[in-house]
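>>> Structure for this input, please:
(4 chains)
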There are 2 protein chains.
Amino acid sequence: MKEKNIYDFYKKVGENVKKFRLTKGYSQLELALEIGIKSVAFYSNCENVRYGKHFNLEHLYKISKVLNVNICEFFKEITSTN
Amino acid sequence: MKEKNIYDFYKKVGENVKKFRLTKGYSQLELALEIGIKSVAFYSNCENVRYGKHFNLEHLYKISKVLNVNICEFFKEITSTN
DNA sequence: TTTGTCTTTATCCTATAGGATAAAAAGAGA
DNA sequence: TCTCTTTTTATCCTATAGGATAAAGACAAA
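Below is the predicted model of the structure:
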């Protein structure tokens, strides 16, 4: 199922973003505001891929700048260590 | 200028996509059709970031599958050698 | 010169992605 | 238990991203 594949892709991206967000000490609201989004609810739904919401390329670009990580980190395999 | 930065980011992504597209021997139309887009004009505008069009995350995901390259390749520095 | 392929130019239409709101739930500390 | 912070649940509204169309331009081969 191709839709399942891209859903899993968005899931992984969200998980990676969350990992770096926590590592850098940001709450969902703090990071949302830093990338220009007032709605922590929308941010939460993107991070967790709920109600059809997920991060888009512009979000990831901004998040990578705010968290000071390379955007490629968001596309790497989830590591169970850390 | 923040808008300039993300414009440059989209530009770079487009250039990288073009590089791999040519390396793999696809025309713009061929690749557009492979990722589900009937409009070579729209594809061209995304690749060249014209009229406000650029690739989105879903496009890049599909292009990486079709071209069989890691999506991270699209975010790397443009290399003048090839 | 003609033809075919590939790409670009420019604009229009609309479905949905983007993002808001409100309230509830979860979790932790006092 | 209470309070505060953080996150989640669910849905609504609309501006624009997505993608189409048509025609023109560029280039190469015959």
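>>> buried stuff in the worst-scoring helix or strand of chain A on mean pLDDT?
Of all helical and strand segments in chain A, the minimum by mean pLDDT, DSSP states H and E falls on helix A:2-23, at a mean of 92. For helix A:2-23, burial by neighbour count (16 or more other C-beta atoms under 10 Å in any protein chain shown) applies to A:6, A:9-10, A:12-14, A:16-17, A:19-21. To be clear about C-beta, it is placed using only N, CA and C from the backbone, and glycine gets the same treatment.
>>> quick check, nearest of the residues you listed to DNA strand D?
Comparing the buried residues of helix A:2-23 against DNA strand D with C-beta to the nearest atom of the strand places A:Arg21 closest, at 7.6 Å.
>>> can you give me the helices for chain A?
A:2-23, A:28-34, A:40-48, A:57-67 (DSSP state H).
>>> Out of the ones you listed, flag the one nearest A:Glu73.
helix A:2-23 (6.3 Å; C-beta to C-beta).
>>> And the helices of chain A: which comes nearest B:Lys53?
helix A:57-67 (12.6 Å).
>>> All set now, cheers.
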